[in-house]
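In: how does the following fold in three dimensions:
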Amino acid sequence: MFKEKKEKIALFGGSFDPPHFGHIEIVEKALSSLDIDKIVVVPTYLNPFKDRFFLSPKERFSRLVDIFRDYRGVELCNFEIRQKRAVSTVETIDYLKERYIVKYIVVGADNLEHIDRWRDFNRLNRDHIWAIATREGYNLEHKSINRFHILSVNANISSTEIREGVYKY
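Out: Numbers count the residues shown, from 1 in each chain. Presented below is the predicted three-dimensional model:
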């Protein structure tokens, strides 16, 4: 018997509160530049570093389904939403690795300043490659990161700015 070969993926988790064209550009850059079979997009129920959300988890997931419906190589995963609590990246990876080889963790440059606070950061840093999406006004260097790939993204937008009414979508 032959074992089924696991697909190599990039994990792109986040609040997506709300999802926007910057998230789309990150997914497109990851698909075109990373050595992966697919990207798995995992919206949080609640970001572990936040105490509330703007759009409900169900609504965020539904919007992501609408956005990525016709994208080949994109899979949406509601694992974190089903937990109905904040879930750490390492917990999501443990869930996904039963089915996939999680090669990359996709993060925005805005996450680098405090990335070493993530639960089991040393394990994440040892076992995975960080795919870092550029973001205007954020430094790409972080002394704690071992291996990384830069995703050059030109979308100057954030979910925070949308929530605050700076951008309409």
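
In: where in this protein is the helix or strand with the lowest mean pLDDT?
Out: Taking mean pLDDT, DSSP states H and E as the measure, the helix or strand of the chain with the lowest value is helix 159-163, at a mean of 52.

In: what are the ranges of the strands in the protein?
Out: Counting by DSSP state E, the chain has strands at residues 7-14, 38-43, 74-76, 100-108, 129-133, 148-151.

In: now render these as JSON lines, adding mean pLDDT and mean neighbour count.
Out: Just so you know, the C-beta spots here come from the backbone N, C-alpha and C atoms, and that holds for glycine as well. JSON lines is the format used below for the strands of the chain (pLDDT from 0 to 100; neighbours: other CB atoms under 10 Å):
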{"stretch": "strand 7-14", "mean pLDDT": "97", "mean neighbour count": "22"}
{"stretch": "strand 38-43", "mean pLDDT": "98", "mean neighbour count": "24"}
{"stretch": "strand 74-76", "mean pLDDT": "98", "mean neighbour count": "17"}
{"stretch": "strand 100-108", "mean pLDDT": "97", "mean neighbour count": "21"}
{"stretch": "strand 129-133", "mean pLDDT": "96", "mean neighbour count": "23"}
{"stretch": "strand 148-151", "mean pLDDT": "95", "mean neighbour count": "18"}
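
In: right, so of those strands, which gets closest to His20?
Out: Nearest to His20 among the strands of the chain is strand 7-14 (11.1 Å), distances taken as CB to CB.

In: for the closest one, packing partners?
Out: Counting contacts by 3 or more CB pairs under 8 Å, 6 or more residues apart in numbering; DSSP states H and E, strand 7-14 packs against helix 21-33, strand 38-43, helix 89-96, strand 100-108.

In: could you dump these to CSV with distance to Leu151?
Out: As requested, the helices and strands packed on strand 7-14 are exported to CSV (distance: least, CB to CB, whole Å):
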stretch, distance to Leu151
helix 21-33, 4
strand 38-43, 11
helix 89-96, 17
strand 100-108, 7
